[in-house]
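Asks: Take this sequence and fold it.
(2 chains)
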Amino acid sequence: MASAWCWSCLSRLRPTTRAVLPPPSAIPRLTSAPFHSSAVQYAPPLKKKSNSMTQLKYRQGQTLRRKKKKTVERARPPAPGERKALRKRIILSNPNALEVEGMQEISAENIVDARLRGSVLGLPVPMLDQLRAVQAFKPKQGWSIFRRPGAVVRRDTVEMGRLFEKISGEGDAAEKGKVVKKVVTGTKGSGKTVHLLQAMSMGFLKKWVVVTIPEARELVSGDTAYVPVEGSKPTQYIQPGATSALLMRTVEANREVLSGLKVSQKHDIAGVKPTSTLEDLAKLGFQDPALAWPVFKALWTELTASAAAPGMEKDFQTRPPMLVAVDGLAHWMHNSAYRDTDYKLIHAHDLVFVKHFLSLLRNGQAEMKNGGMLLYATSTSNSPGVYALEVALDQMTARQAGIKPTSPEYPSAEAYSNADPRVLDLFKPIEGKEPQMELQTLGGLTRDETRGYLEYFARSGLLREPVNENWVGEKWSMSGGGIIGELEKLGRHVRSAAIPTPAAN
Amino acid sequence: MACGEVHSSEKRCCRMISPAHRGQASIEPSINRSDNLFSGKMVFILGVNFPERNLLKKSLESFFGIGNHTSSRLLARFNIHPTCRVGELANKQVLDMTAVLSDMKIENDLRREVLNDIKRLKETGTYRGRRHALGLPVRGQRTRTQIKTPVKLNRMERRM
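Replies: So this is what the prediction gives:
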């Protein structure tokens, strides 16, 4: 029982305790003078402290030790690749969304129709497989909220459609076989990737050959094999795995076109017969990655050939124009994650694959004799931030505005900024007959296009607001002047935000 | 008992054969190579078997004496990308890698060297040698708390 007295108070009760002690004769005398004069011997034996500190061995740790929790057996982790597949999954249809009545499909005829501006054109179902093959759809895009995939027609789309017609030779014959080179930029959410997708869909409609690099980063991030080219100086590197993947994409998407064209040049590749089609040729690169780059080169010479080699004219057909679409250009403008044998970083321009596609920007007309379009888009969601590229794009903007490179207003890299000269050289003005590359900056939609776009949300059942002039104007302003990515956010969020509120008046 | 032995040896046989069987299945040409690329075979690098699926860089770092610095330099020397799997190596690359590794001072050679260094310190009676022998920190750390590691490692007969 706990005493009401504290220990110090109890010590004062000595006289009474002494009284109950046995006679002093039995007690041995204490030699030293204790602080307490009560007999030590009669003190109750010390209780062992419950604290285990006293039992610690020499230099044993004093940290808290707990028993480890038994691990509970959980379900097996997902199989290798399963999580990635889930992450990269692309859903193109939502059966809960309403079907939009009277929705038109994109076709070879209506791509130039300016009356369709602001309306959303559906992508034809047979083309979806092709677009999937060239990885035109990205996982984070909002395809899964609508019944079927479609893209809005804007001013840039119609202009692009006209270019496709011209290069295919349907309008002005003089424009046939021209190469249009564009660097597509724009703020975040301005629809650069979807612009490329629309270009690809037009390419498929016009029976062009579509070659895409959906993620420029994958070539420089050090995730695929690289092999030095012997005897090259400075050393160049081939990427067999990435080339093989490119061939697969290209064949899968352009099977119809490639299987109709026969080999017309002589190649030093085993397995190529004079009767084999371009599809057969490209397939050689699938199985053996070591062959992938030579096969790609061969395929490229075939596709850009304007005439057959002597003795092989029999089956020669004119080659279609080509569309080359690259997404995430900035990744090609700095050092890659690969290292050379001296452990120095390899510049992206020293990778043969990258170099091939970048050289098209400089001399695409000379290399692509059958014409075509080069669309190289920058990315704002996945961009390494290359100063030299920013300067180069500023210079391009200035040139397009009519400022001459000799003028003091012409932008240049800041002193001591260490801007990459290889990048600046790439975007220098081109001399000679070769057409200049253009900078296409995607901005916002106009108000009319915004209205059409938001009406599409409403007709799909996502938006339950009356789409009228005022409301559209408000959303147009809120989206930073019709930035389509912001409009999409507004369109899909309004539904959850539309809680019934008391009438304002 | 005899019956049990037979069974166990059969099982062992099956286990030894099965990877080869799986390997044969993967020879067929397939477009989707990522599924069939790793068939569960093992790759032999410097006397150690590594599963094909393992990252080469991590596998190299499993050797005593090879860390991030050495392994990434080794990869660069042979032009192998950092995310390469063991199974993606060509035979020649495996042989080259093994040849280079066998010239390096790693594993038991390195362990022996470190132990010899400590032994020398002890034998010459240096302060550091004494601290090693006493199970105390060697490099001037305080000993009031937190000396678990030297207590664990530094002893007369040091092992690595």
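Asks: show me what contacts the residue of chain B found nearest chain A?
Replies: In chain B, the residue that lies nearest chain A is residue B:76 (3.8 Å; C-beta to the nearest C-beta). (Each C-beta comes from the backbone N, C-alpha and C, glycine too.) Counting by C-beta atoms under 8 Å, 6 or more residues apart in numbering or on different chains, residue B:76 touches A:339-343.
Asks: So which bits of chain B are right by chain A?
Replies: Residues of chain B lying near chain A by C-beta under 8 Å from any C-beta of the partner chain: B:29, B:31, B:34-35, B:53, B:72-73, B:75-77, B:79-84, B:88, B:145, B:147-148, B:151.
Asks: Give me the buried subset of those.
Replies: Buried subset of those (neighbour count, 16 or more other C-beta atoms under 10 Å in any protein chain shown): B:72, B:75-77, B:79-84, B:88, B:147, B:151.
Asks: out of those, which are inside helices?
Replies: B:72, B:75-77, B:151 (DSSP state H).
Asks: which one among those gets closest to residue A:423?
Replies: residue B:76 (24.0 Å; C-beta to C-beta).
Asks: Return the distance of stretch A:73-85 from the chain's centre.
Replies: The chain centroid and the centroid of stretch A:73-85 are separated by 24 Å under C-alpha atoms, centre = their mean, to the nearest Å.
Asks: rewinding a little: adding pLDDT, write the buried ones among the residues of chain B next to chain A out as TSV.
Replies: Converted to TSV, those look like this (pLDDT from 0 to 100):
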residue	pLDDT
B:72	94
B:75	93
B:76	94
B:77	93
B:79	92
B:80	93
B:81	93
B:82	93
B:83	93
B:84	92
B:88	88
B:147	88
B:151	89
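Asks: List just the nearest of these to residue A:197.
Replies: residue B:83 (28.6 Å).
Asks: Outline the domain layout of the chain.
Replies: By default, I'm working from chain A. A:90-442, A:447-491 (automatic domain parsing).
Asks: To clarify, I was referring to chain B.
Replies: What automatic domain parsing lists as the domains of chain B is B:39-104, B:107-153.
Asks: Can you tell me which of those is most buried?
Replies: Neighbour counts (mean count of other C-beta atoms under 10 Å in any protein chain shown) averaged over each of the domains of chain B peak at domain B:39-104, with a mean of 16.
Asks: quick check, distance from that domain to the centre of its chain.
Replies: Centroid separation for domain B:39-104 versus its chain: 10 Å, with C-alpha atoms, centre = their mean.
Asks: And stretch A:233-246, by the same measure?
Replies: On the basis of C-alpha atoms, centre = their mean, stretch A:233-246 sits 21 Å off its chain's mean C-alpha point.
Asks: Ok, stretch A:425-445 next?
Replies: Distance, centroid of stretch A:425-445 to centroid of chain: 23 Å (C-alpha atoms, centre = their mean).
Asks: Check stretch A:281-295 too.
Replies: How far stretch A:281-295 lies from its chain's middle: 26 Å, per C-alpha atoms, centre = their mean.
Asks: Now do that stretch: distance from first to last residue.
Replies: Terminal residues of stretch A:281-295 lie 7 Å apart, using C-alpha to C-alpha, to the nearest Å.
Asks: Please list the residues outside that stretch that contact it.
Replies: For stretch A:281-295, contacts defined as C-beta under 8 Å, 6+ apart pick out A:225, A:238-241, A:243-244, A:247-248, A:250-251, A:258, A:263, A:267-269, A:271-272, A:296, A:298-299, A:302, A:352-353, B:29, B:31.
Asks: Turn the buried ones among the residues you listed into a named PyMOL selection, would you?
Replies: The buried residues among the contacts of stretch A:281-295 can be selected in PyMOL (16+ other C-beta under 10 Å) with this line:
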select buried, chain A and resi 225+238+239+240+241+243+244+247+248+250+251+258+263+267+272+296+298+299+302+352+353
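Asks: Any stretches of the chain with poor pLDDT?
Replies: You didn't say which chain, so I picked chain A. Flagging of chain A using pLDDT under 70 yields the residue ranges A:1-61, A:171-172, A:494-505.
Asks: that's the wrong chain, I meant chain B
Replies: B:1-40.
Asks: Please enumerate the helices of it.
Replies: In chain B, the helices defined using DSSP H lie at B:2-25, B:33-36, B:56-61, B:68-77, B:91-103, B:107-123, B:127-134, B:148-153.
Asks: okay, the third one in PDB with CA atoms only?
Replies: Same thing as helix B:56-61. The C-alpha trace of helix B:56-61 is given here as PDB (Å, rounded to 0.1, in the frame of the first residue of the first chain):
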ATOM      1  CA  LEU B  56      23.500  -6.700 -65.200                       C
ATOM      2  CA  LYS B  57      24.600  -3.700 -63.200                       C
ATOM      3  CA  LYS B  58      23.100  -5.100 -60.000                       C
ATOM      4  CA  SER B  59      24.500  -8.500 -60.700                       C
ATOM      5  CA  LEU B  60      28.000  -7.000 -61.000                       C
ATOM      6  CA  GLU B  61      27.500  -5.100 -57.800                       C
END
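Asks: name the helices or strands packed onto it?
Replies: Counting contacts by 3 or more C-beta pairs under 8 Å, 6 or more residues apart in numbering or on different chains; DSSP states H and E, helix B:56-61 packs against helix B:68-77.
Asks: got the angle for the helix it packs on vs helix B:91-103?
Replies: Here helix B:68-77 runs at an angle of 140 degrees relative to helix B:91-103 (axes from the mean of the first three to the mean of the last three C-alpha atoms, to 10 degrees).
Asks: Out of the buried ones among the residues of chain B next to chain A, flag the one nearest to residue A:175.
Replies: Proximity of these to residue A:175 was ranked by C-beta to C-beta; the top entry is residue B:81 with 43.1 Å.
Asks: Just want the residue of the stretch 201-350 of chain A that's nearest chain B.
Replies: Distances between the stretch 201-350 of chain A and chain B by C-beta to the nearest C-beta are smallest at residue A:339, namely 3.8 Å.
Asks: Who is that residue paired with across the strands?
Replies: residue A:345 (DSSP bridges).
Asks: does it really touch residue A:345, like I thought?
Replies: Yes: if you go by C-beta atoms under 8 Å, residue A:339 and residue A:345 touch, sitting 5.9 Å apart.
Asks: Between these two, which is the more surrounded one?
Replies: Legend: neighbour count by other C-beta atoms under 10 Å in any protein chain shown for residue A:339 and residue A:345, higher for residue A:339 (22 against 15).
Asks: Tell me who's in contact with the closest residue to residue A:106 other than its chain neighbours.
Replies: With C-beta to C-beta, 6 or more residues apart in numbering or on different chains as the criterion, residue A:106 has its nearest non-adjacent residue at 4.3 Å, and that residue is residue A:121. Residues near residue A:121 by C-beta under 8 Å, 6+ apart: A:103-106, A:110, A:150-153.
Asks: Which of the residues you listed fall within helices?
Replies: Among those, no member lies in helices (by DSSP H).
Asks: Can you go through the residues you listed and name the buried ones?
Replies: Buried, going by 16+ other C-beta under 10 Å: A:103, A:106, A:110, A:150-153, out of the contacts of residue A:121.
Asks: ok, residue A:77 to chain B distance?
Replies: As for residue A:77, its distance to chain B is 14 Å (criterion: C-beta to the nearest C-beta, to the nearest Å).
Asks: That residue looks like it's in a helix, true?
Replies: No: remark: residue A:77 does not belong to a helix; assigned using DSSP: H, G, I helix; E, B strand; the rest coil, it is coil.
Asks: give the contact list for it.
Replies: Residue A:77 touches nothing, counting by C-beta under 8 Å, 6+ apart.
Asks: quick one, phi/psi of it?
Replies: phi -70, psi 160 (degrees, to the nearest 10).
Asks: So what touches stretch A:417-430?
Replies: Under the contact criterion C-beta under 8 Å, 6+ apart, stretch A:417-430 has outside partners A:333-334, A:347, A:349, A:358, A:361-363, A:386-389, A:391-393, A:395-396, A:399, A:405, A:413, A:436-437.
Asks: if we go to 6 Å?
Replies: With C-beta atoms under 6 Å, 6 or more residues apart in numbering or on different chains as the test, stretch A:417-430 has contacts from A:333, A:349, A:387-389, A:391-392, A:413, A:436.
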